[in-house]
Each structure stands twice: as C-alpha cells, then as structure tokens.
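Engineer: here is a sequence with its predicted model. Questions after.
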Amino acid sequence: MNPRPCGPQPHALSPETAIEATEPHPEYKLGTTIVEALFNNGHEAYFVGGYCRDLMLGLKPKDIDIAASAQGEVVEQILREAGIEVAVVAAAEAYPVVVAKLGHSQIEIATFRKDVYEDTTDTSRRPDQMLPGTLLDDAERRDLTINSLYFNPLTSEMHDPTGYAISDLESKTIRFIGDAIERILQDRVRILRAVRFKHRFGFEFDPQTKQALIDLRQELFNIKGKDRIGVGSNWLFEHPY
C-alpha cells in the first residue's frame, strides 16, 4: 500500500449522518451504554466494521459490534456493574467475545488484538497467535480498508486508523489492508469477500488488490466447504488477465 493519504485523526460526522447513526436502530441505545461504561472506566470502545461502513455510505446499518481495549473479563465485570446482562462466548480462547443483552437487543464486544500468521500454507484461516493489540493493530488485522472504521457514538466521531477507509469509501475503492498477496494467503475466503463487496456496492478494485486476486485465483480451490461457491469465483475465472 502507498503512504496513508490521511492520518488516524478522528473524522467528525456531518450533523445529518450523526442523526442517521442514532435512529432508528434497535441496538443503538445498548451500544452507546456499553461504550460509555467502558470509557468511564478508562477503556476505549467503538462501534466497528459493517455498521461504520454502511453509515458512511448512507445505508441503514445492521448489527452493531463493538471493539474495546479492555480484556474480556474486565468488559464483563464493568457491564455487570452497569446492570447489563452479559455472557461470555469462547470464540477464541485467549480473547473471548462478550455478549451483552438488553431485551431483544444483543451486541458482541471483542478485545483489540493483533493476529500473527506464521504459516501461509495453512488453510485453516486461524492466526497462529492472537496478541494484545492497539486500535491500529485491530484495524490492520481486518480484510478490507472499508471494513476498518471505528465509530464513537459519544462524540459522533469516526476513527480511520489505517488512513484509507474514508477515502476509499469516497472513491468507491476495494482495497486490501497491507500487502494484498499476504492478506489473501492468511485467509483465502478474503478473495470472495473482496469480490462480493465490489459487486454489492458497485466499487472498483485498487490495482494491487485486483492483480493479487487474479494471480491467486487458484487459491479458491484451497477453500474448504461451500465458501468458494458464488459470484466471487465466477468473476475471478472470467478475468484471467
């Protein structure tokens, strides 16, 4: 990737977008309560991923997920003290996901982490190590720049740690975070995710991303199960050059 076009300074949402962030989303009140409780106890916490992307695109966001600097057991304790019902899901032993519930609303809270892949021939899709991380580490482990935004509902600020997400949304660009080849070999399903997001939003590929997808299209055959079926594989084999 080229040098970041903008730094990790938070991006203030327009008043119109800030209003769209709050209504009418069934999980927004619970999510804001969680973020406030964690910040009040000295931790960072943000809405992350698809919610942020869709909000910036003017679409109605779906589920809210939260990423936080606090470890799972700390998140659990803080939320219980705030009167929020919680459960812990051992999705990753070192970094369990905390699930918060309020009525019919449910939100997952994951800890910032850094994923380390030591063997790119391994097709299991799981990192070899999951280490404590910063906000930037957490953003850089994600697949595409457009999925690496973090929203603070308390300040209506959007954080773009990689420095690419907002500009790529504005230019309608699909770009892998970091080295595209490396990112694909860490998890071959990212090939399909990139193509599906392109078709879903009508975006275009960044040149490095497009070339990596074409060069590594045979890796689709190393994807286990039904994940490789669909529009992603069709596009790749219709574009051999």
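Structural biologist: That came through fine.
Engineer: tell me which helix or strand of the protein sits lowest on mean pLDDT?
Structural biologist: Taking mean pLDDT, DSSP states H and E as the measure, the chain has helix 231-238 as its least confident helix or strand, at a mean of 52.
Engineer: middle-most residue in this structure, spatially?
Structural biologist: Against the mean C-alpha coordinate of the chain, by C-alpha atoms, centre = their mean, the closest residue is G49 at 3.6 Å.
Engineer: thought that residue was touching D65?
Structural biologist: Yes. Under the criterion of C-beta atoms under 8 Å, G49 is in contact with D65, at a separation of 5.6 Å. The C-beta positions use only the backbone N, C-alpha and C, and glycine is treated the same way.
Engineer: what sits against the closest residue to D143 other than its chain neighbours?
Structural biologist: Excluding the flanking residues, the one nearest D143 by C-beta to C-beta, 6 or more residues apart in numbering is R190, at 4.8 Å. Contact criterion C-beta atoms under 8 Å, 6 or more residues apart in numbering gives D143, L144, F176, R183, I184 as the residues in contact with R190.
Engineer: quick check: bridge partners of D65?
Structural biologist: D65 forms beta bridges with V48, E108, as assigned by DSSP bridges.
Engineer: so it touches Y46, yeah?
Structural biologist: No. Taking contact to mean C-beta under 8 Å, the distance of 9.7 Å between D65 and Y46 leaves them out of contact.
Engineer: with neighbour numbers in mind, choose between the two.
Structural biologist: Ranked by neighbour count (other C-beta atoms under 10 Å), D65 and Y46 place Y46 first, with 28 against 18.
Engineer: any idea how far R175 lies from L38?
Structural biologist: Here the criterion is C-beta to C-beta, to the nearest Å. By it, R175 lies 30 Å from L38.
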